[in-house]
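Asks: Provided below for reference: sequence and predicted model.
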Amino acid sequence: MGEGSGTTSDAPLVLLSGGGGGARLAAGLSQSSAERPLLVVTNTGDDFEHCGLLICPDTDSVLYAVSKTIDPQRGWGRAEESWSVFESLKDLGGPDWFQLGDKDLALHLSRAALLAAGQDLAGVTTALGDRLGVPPNVAVIPATASPVRTHVVTEQGNMAFQEYFVAQRCAPVLRSVAYKGIDSASPADRLRAALDDVGAAGTDVVLGPSNPFLSLAPILGIPGMQGLLRRAARRVVAVSPIIGGQALKGPAGKIMSELGLDVSAVGWTRWMNEQYPGLVDLWVWDETDEAAAGDLRAEGMDVLTTSTVMSDPKRAAAFGDWLLGMCSCDH
Ligand code: FO1
């Protein structure tokens, strides 16, 4: 990452990422021909302890996606994975609701060793990224080193995020979401330093097409985070995870409907704007929703539409190119 960068063109584009959509966009941006430095801030609300190991699903999905080692079908974990340890664990009566493949497990053991040796989570993540082959122009930084853990309140009771997401497959009707530990959390030191280094010209901050309740809120709710991003940002751009009235993957649409929100790009934009007043300058929607943009534009909101569907790496790179092109000029 360039030091003392003061212009928009060499300052890293900052991407906030959680879940599969964020990881796909991180990969698309990192493949872009522009080769602009990229700083990916990952959600830590999904992190949890499992079999004595710290699991960081959203951080690892970005590491695997940008190093092209992710399993493209599952959208999490390693490609060409084997499951010997997991099968043996099951034979021993160990927990089988959360699958860790052999290669993925090796990453977790390595993370545990580095943490035990005293490195902080951001340092460990950089070290693991280097070993995996994360391109040198890409930095991946977990949003905070303090434990923030997402819990959901559902009609079936309260549960930790991974129990809801993996064990219950998001079936319980959601009533609210809590981010345990967030009030005493602070932005990761490395993130603060990287953003302080951006310089007066500012940079572009992109909120990826990630679940607003489960992926973006545990980042944006960290005390000081929005101010830090706003100070570094020339412009904050938010990409809609809702396309044609639904989320292409994941529970964002289901959750919006359960919380009584309008499941549309308009509904998402209005909710984000109410939740984070003054944070976002530019809203990017899929072209499918172009016809619905008129009302918000008439209210003075800046809405752009393009093809945002990242169904394969080529389309993700094309969207990454579009975003970088849009960020490098005043549209
Ligand atoms: N998702 C599943 O649906 N089932 C799993 O067994 C599972 C294991 C897993 C292991 C490591 C990892 O990094 C991610 C894993 N995921 C699994 C995905 C993960 O739970 C979710 O995709 C994210 O937390 C949501 O963003």
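Replies: Yep, it's here.

Asks: against residue 214, how distant is residue 100?
Replies: Here residue 100 is placed at a distance of 21 Å from residue 214 (CB to CB, to the nearest Å). The C-beta positions use only the backbone N, C-alpha and C, and glycine is treated the same way.

Asks: same deal with residue 297?
Replies: Distance of residue 297 to residue 214, given as CB to CB: 29 Å.

Asks: buried residues of the helix or strand bottoming out on mean pLDDT in the chain, list them for me.
Replies: Least confident helix or strand of the chain, by mean pLDDT, DSSP states H and E, is helix 313-328 with a mean of 92. Buried positions in helix 313-328, judged by neighbour count with 16 or more other CB atoms under 10 Å: 313, 316-324, 326-327.

Asks: more neighbours: which of residue 297 and residue 214?
Replies: Remark: of residue 297 and residue 214, residue 214 carries more neighbours, 27 against 12, as counted by other CB atoms under 10 Å.

Asks: just the pLDDT for the more buried one.
Replies: With respect to pLDDT, residue 214 scores 98.

Asks: spit out the contact partners of it.
Replies: Shown in contact with residue 214 (CB atoms under 8 Å, 6 or more residues apart in numbering): 18-19, 43, 45-46, 150, 161, 165, 177, 251-252, 255.

Asks: go with 7 Å
Replies: Residue 214 makes contacts with 18, 45, 150, 177, as judged by CB atoms under 7 Å, 6 or more residues apart in numbering.

Asks: pretty sure the first one contacts residue 58?
Replies: Yes: taking CB atoms under 7 Å as the contact criterion, residue 18 and residue 58 are neighbours in contact, 4.6 Å apart.

Asks: which one's more surrounded, these two?
Replies: Shown here are residue 18 and residue 58; by other CB under 10 Å, residue 18 has more neighbours (32 against 28).

Asks: which non-adjacent residue is nearest the more buried one?
Replies: Once flanking residues are discounted, residue 18 sits nearest to residue 215: 2.4 Å by CB to CB, 6 or more residues apart in numbering.
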